[in-house]
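> need a 3D model of the sequence below.
(one chain, ligands or ions: 1)
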Amino acid sequence: MTPTIPVDIDALLGLIQSATHSAVAEYHKSGHGVPSPDGSWPHPLDSAPDILALKHAIQLLEGACERLCTTLAQPAHTLLNRSMPFEAPCMRLVVEKKIPDLLEGFPEGLHIENIAAQTSLNTTKLRQVLRLLATRGCFKEVEDSIFANNRLSLTLLSSNPMSAIVATLAGENLRAVASLPEALVDPEYGASVAPDKTSFTYTVRGEMKNASFFDWYKTHRFDKAMIGWTFAAGEMSVVHNFPWATMPRGTTLCDVGSGVGTVSLAIAKAHPHISITLQDLPEPLGQAKVLWSDELPEALDAERVQFIPVDFFQQAPVAGHNLYYMKHILHDWPDSEAIKILRNVTRYNSPFFEDELVLNHIYLGSSSNDSSNTVGIAKAPAPLLPNYGTGNIRHYNQDIASEVLLIGLSSY
Ligand SMILES: C[S@@+](CC[C@H](N)C(=O)[O-])C[C@H]1O[C@@H](n2cnc3c(N)ncnc32)[C@H](O)[C@@H]1O
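Next up is the predicted model:
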């Protein structure tokens with residue numbers, strides 16, 4: 001048996017200190033200083049897409065803080081806390097009841113009775129919800145039972161697409177994950193790799209039989225949630241870190257499975273010499289047209305953007321574009337389906353691509369030091385877990401979400 005080596009606490013403290021200094025330096029660079037968690041205005045960096053140094057510092061900090069606490073706390077304490085993810089449905093409630101919107105313009109806060117009356121909710125129960133959230137730093141309890149917005153709750157205003165992703169993750173996603181233990185032992189669903197037999201479709205089987213997640217979403221919210229995710233997860237960095245500026249006028253980009261085309265829209269705004277084709281199923285493309293007409297009508301007028309339906313399992317995307325871009329597509333599907341999509345995308349471009357295929361995809365490393373599986377992944381400094389542990393947890397949660405919603409498996 002391999003002997004257990006104690007975690008080097010001083011090394012963890014050193015990582016926490018250096019990561020903290022790096023994060024603080026990024027805020028000072030912005031000229032606005034370090035944000036206050038109780039601030040009544042967003043910090044200018046809160047919506048900035050491209051601060052890779054800040055992201056890296058936070059990844060280290062979260063990984064190191066959690067490793068330190070898990071090392072020093074009694075296991076039962078850690079496990080009790082982790083078994084109660086109750087904050088998520090509480091966030092969903094405040095988003096759906098638009099409580100951050102209601103508190104706008106009241107930096108001194110509103111009394112819980114006032115908030116409850118305006119939302120038709122029970123005062124005592126709502127206070128429990130807001131107090132739990134305030135205890136995690138989302139909303140500020142200014143005085144006993146008086147709540148105001150702060151930096152986190154301001155990000156949940158209905159005008160911010162983050163509110164849509166919170167509602168989706170804490171709504172149908174959480175419901176699907178919660179049914180994982182039942183779905184995985186169900187004889188019909190447990191071993192299935194069919195997109196209409198997932199933990200998610202298990203939860204909606206009374207409502208829609210044999211429907212996949214995307215069938216269900218044709219009639220439910222989703223695209224606004226993808227906008228929120230794209231911004232929050234830092235996926236806009238492709239807009240600024242890809243050599244668009246050096247590409248000739250008239251370069252064509254085909255966004256396959258575009259949804260409303262959040263990233264493409266940002267590319268079209270920042271690099272008007274790139275022409276864009278969005279391809280998706282007809283319903284999301286309808287929503288895309290609405291969004292683009294509002295946000296960038298000149299691109300529609302100048303025919304710099306086209307909306308062309310495709311079923312990427314049955315058809316190839318339009319031929320002859322210089323770049324084909326896919327974000328959050330392949331990991332939605334089991335390998336057999338992902339291969340069909342890739343075959344179709346490369347159909348007119350074989351042997352393999354004179355043109356470029358750009359994949360915005362997640363790679364997940366093992367949490368073991370012995371793993372040789374490190375493709376595309378930087379290894380975290382010891383004594384962090386090699387995959388950064390909690391510093392990278394969103395990707396592992398996303399992997400579970402892909403599985404419960406669609407049987408997509410992004411890990412290998
Ligand atoms: C996770 S979303 C990603 C959307 C977008 N690329 C983004 O990252 O915001 C997956 C997209 O695949 C689209 N999709 C699902 N099945 C499809 C199919 N058979 N053909 C074309 N698009 C499909 C969905 O409508 C959805 O917009």
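
> the stretch 1-150 of the chain: helices as residue ranges?
With DSSP state H, counting those that start in this stretch as the criterion, the stretch 1-150 of the chain has helices at 9-29, 52-72, 75-82, 87-96, 99-103, 112-119, 123-135.

> could I get those helices in JSON lines, plus columns for mean pLDDT and distance to residue 390?
Quick note: C-beta positions are derived from backbone N, CA and C, even for glycine. Compiled in JSON lines, those are given as follows (pLDDT from 0 to 100; distance: least, Cβ to Cβ, whole Å):
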{"stretch": "helix 9-29", "mean pLDDT": "97", "distance to residue 390": "13"}
{"stretch": "helix 52-72", "mean pLDDT": "95", "distance to residue 390": "4"}
{"stretch": "helix 75-82", "mean pLDDT": "97", "distance to residue 390": "11"}
{"stretch": "helix 87-96", "mean pLDDT": "97", "distance to residue 390": "16"}
{"stretch": "helix 99-103", "mean pLDDT": "98", "distance to residue 390": "26"}
{"stretch": "helix 112-119", "mean pLDDT": "98", "distance to residue 390": "33"}
{"stretch": "helix 123-135", "mean pLDDT": "98", "distance to residue 390": "19"}
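
> now do residue 361, the pLDDT please.
Looking at residue 361, its pLDDT is 64.

> hmm, back to that, winner for burial among the helices of the stretch 1-150 of the chain?
Each of the helices of the stretch 1-150 of the chain was scored by mean neighbour count; the highest is helix 99-103, a mean of 21, by mean count of other Cβ atoms under 10 Å.

> can you tell me which helices and strands that one packs against?
Helix 99-103 is packed against helix 112-119, helix 151-154, with contacts defined by 3 or more Cβ pairs under 8 Å, 6 or more residues apart in numbering; DSSP states H and E.

> closest to residue 400 out of those?
Residue 400 lies closest to helix 151-154 among the helices and strands packed on helix 99-103, at 23.6 Å (Cβ to Cβ).

> who are the contact partners of residue 285?
258, 278, 279, 307, 308, 309 (Cβ atoms under 8 Å, 6 or more residues apart in numbering).

> tell me the buried residues within these.
Among the contacts of residue 285, those classed as buried by 16 or more other Cβ atoms under 10 Å are 258, 278, 279, 307.

> so which of these also contact the ligand?
residue 258 (Cβ under 6 Å from any ligand atom).

> now the buried ones among the contacts of residue 285 in TSV, with secondary structure?
Output for the buried ones among the contacts of residue 285, formatted as TSV (DSSP: H, G, I helix; E, B strand; the rest coil):
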residue	secondary structure
258	coil
278	strand
279	strand
307	strand
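
> mind putting the buried ones among the contacts of residue 285 in TSV, pLDDT included?
Listed next are the buried ones among the contacts of residue 285 as TSV, based on pLDDT from 0 to 100:
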residue	pLDDT
258	94
278	97
279	97
307	97
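
> phi, psi of the closest residue to residue 89 other than its chain neighbours?
The shortest distance from residue 89 to any non-neighbouring residue, by Cβ to Cβ, 6 or more residues apart in numbering, is to residue 170 (5.7 Å). Backbone geometry at residue 170, expressed as degrees, to the nearest 10, gives phi -80, psi 0.

> so who does the residue nearest to residue 49 when sequence neighbours are not counted touch?
Spatial nearest neighbour of residue 49, chain neighbours left out: residue 236 (3.8 Å); criterion: Cβ to Cβ, 6+ apart. By Cβ under 8 Å, 6+ apart, the residues touching residue 236 are 49, 50, 230, 263, 266.

> restrict those to contacts with the ligand.
residue 230.

> looking at the contacts of residue 236, which is nearest residue 78?
residue 230 (32.3 Å).

> find the nearest non-adjacent residue to that closest one, please.
The shortest distance from residue 230 to any non-neighbouring residue, by Cβ to Cβ, 6+ apart, is to residue 262 (4.5 Å).

> give me the number of residues near the residue nearest to residue 89?
Counted with other Cβ atoms under 10 Å, the neighbours of residue 170 add up to 20.

> what parts of this protein come near the ligand?
Residues of the chain lying near the ligand by Cβ under 6 Å from any ligand atom: 214, 226, 230, 257-259, 262, 280-281, 284, 310-313, 327-329, 332.

> out of the residues you listed, which are buried?
214, 226, 230, 257-259, 262, 280-281, 284, 310, 312, 327-329, 332.

> state the distance from residue 335 to residue 341.
Look at residue 335 and residue 341: by Cβ to Cβ, to the nearest Å, they are 11 Å apart.

> so, low pLDDT: which residues of this structure?
Under the criterion pLDDT under 70, the flagged ranges of the chain are 1-3, 218-226, 228, 348-363, 370-377, 407-412.

> surely residue 23 and residue 54 touch.
Yes. Using Cβ atoms under 8 Å, residue 23 makes contact with residue 54 at a distance of 5.8 Å.

> for residue 63, which non-adjacent residue is closest in space?
residue 391 is the one closest to residue 63 (Cβ to Cβ, 6+ apart), at 3.0 Å.

> what's the neighbour count on the residue in the stretch 51-200 of the chain that the ligand sits nearest to?
In the stretch 51-200 of the chain, the residue that lies nearest the ligand is residue 195 (8.9 Å; Cβ to the nearest ligand atom). By other Cβ under 10 Å, 21 other residues sit near residue 195.

> what sits against it?
201, 212, 213, 214, 333, 334, 337, 406, 407.

> what do you get for residue 52?
By Cβ under 8 Å, 6+ apart, residue 52 lies in contact with residue 237.

> before we move on, what about the one 3 residues further on?
By Cβ under 8 Å, 6+ apart, residue 55 lies in contact with residue 234.

> go on, residue 379?
365, 386.

> now it: how far from the ligand?
Separation of residue 379 from the ligand (Cβ to the nearest ligand atom, to the nearest Å): 27 Å.

> swap in residue 297?
Counting by Cβ to the nearest ligand atom, the separation of residue 297 from the ligand is 21 Å.

> I'd assumed residue 32 was in contact with residue 43.
Yes. Using Cβ under 8 Å, residue 43 is in contact with residue 32, at 6.1 Å.
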